[in-house]
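[1] need a 3D model of the sequence below.
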Amino acid sequence: MSEENESQETEPTDDWDDAMAEQAVAEAGGGEDTAAAEFENLEDTSGGPAGNEANMDVILDIPVTISMEIGRTHISIRNLLQLNQGSVVELDRLAGEPMDVLVNGTLVAHGEVVVVNEKFGIRLTDVISPAERVKKLK
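    Take a look at the predicted model:
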């Protein structure tokens, strides 16, 4: 078989495409009197990059709650009610392990405790990537 014959056998012709399109229209119940589909204009009308900055300004002022977690534990209500001043609650973390930094309850980073001007702070040691945060939501 020649190369010309092979290409004719493997590539559909324009006539075949037209016939398939007519068949699809007929099966869908349409014909020559079918109205053309109209679609909305999907162009960006926000005014370019300046419009995106304005949209970003809207969310930049939304307040969020940031918290640091040094550990967790599970105890019964009986043991919880027995806690008083001087009681020690054992957590699930070892001394020296990094703390979790949560924003609205979502883990975003790990860090270590520091003291700045007699106030506690946290130095971020590892920031969780957005891709990893999305994986944890699933």
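[2] C-alpha only now, for contacts and for neighbours.
    Noted.
[3] show me what the closest residue to residue 107 other than its chain neighbours bridges to in the sheet.
    Once flanking residues are discounted, residue 107 sits nearest to residue 101: 5.9 Å by Cα to Cα, 6 or more residues apart in numbering. Here residue 101 shows beta-bridge partners residue 68, residue 109, assigned using DSSP bridges.
[4] do residue 123 as well
    residue 112.
[5] what does the pLDDT read for it?
    Model confidence at residue 123, given as pLDDT, is 92.
[6] in contact with it, which residues are there?
    For residue 123, the contacting residues are 111-114, by Cα atoms under 8 Å, 6 or more residues apart in numbering.
[7] who wins on neighbours among the residues you listed?
    residue 111 (20 neighbours; other Cα atoms under 10 Å).
[8] find the nearest non-adjacent residue to that one, please.
    Residue 111 sits nearest to residue 124 (Cα to Cα, 6+ apart), 4.1 Å away.
[9] hang on, isn't that neighbour packed against residue 109?
    Yes - under the criterion of Cα atoms under 8 Å, residue 124 makes contact with residue 109 at 6.7 Å.
[10] looking at those two, which one has more neighbours?
    Between residue 124 and residue 109, counted using other Cα under 10 Å, the more crowded position is residue 109 (19 against 15).
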